[in-house]
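> Fold the following for me, if possible:
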Amino acid sequence: DQLTEEELHNLAIQSPTIFYISALKNDGIDDILNHLLTLATPCDETQIIPPDQITTMSPIERVEEVLREKIYRCLHREVPHKVKQVNKSFRKVKDPSTGQR
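Numbers count the residues shown, from 1 in each chain. This is a model prediction of the structure:
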């Protein structure tokens, strides 16, 4: 028996996307970064920091703050008392839609 188109589609959306990567060989990294960018939720018109306001936070500190906020949103039923995040690396990547970093 072969699966119908609908069954294949349902199977595909239930199965996680698999990426074969090697950080040592820098192989597959762009694939997973581009995939994550396609899954990222665009923000609404309301920005956390107005465009004309200057912050003393470094780019990595801003990223960490956004990640903590996203973690808290995902854990809406149980708010943890403390969230520890460890960044192994940080680099700016080009947005495929705009070509900007």
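> where does the protein dip in pLDDT?
Within the chain, the set of residues satisfying pLDDT under 70 comprises 1, 42-49, 76-83, 101.
> where do the helices sit along it?
5-14, 29-39, 59-74 (DSSP state H).
> Can you add distance to residue 50 and give these back as TSV?
Where you see a C-beta, it was placed from the backbone N, CA and C, and this is true even at glycine. Formatted as TSV, those follow (distance: least, Cβ to Cβ, whole Å):
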stretch	distance to residue 50
helix 5-14	38
helix 29-39	24
helix 59-74	14
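> The residue nearest the centre of the chain and residue 66, how far apart?
Note on the chain: the residue nearest the mean C-alpha position is residue 36, at 4.8 Å, using Cα atoms, centre = their mean. Separation of residue 36 from residue 66 (Cβ to Cβ, to the nearest Å): 13 Å.
> same check, this time on residue 85
Taken as Cβ to Cβ, the span from residue 85 to residue 66 is 11 Å.
> Of those two, which one has the most company?
residue 66 (12 against 9; other Cβ atoms under 10 Å).
> For residue 27, see how far away the more buried one is.
Distance of residue 66 to residue 27, given as Cβ to Cβ: 28 Å.
> And residue 71, by the same measure?
29 Å.
> pretty sure residue 62 is touching residue 55, no?
Yes: applying Cβ atoms under 8 Å as the test, residue 62 and residue 55 come out as touching, 7.2 Å apart.
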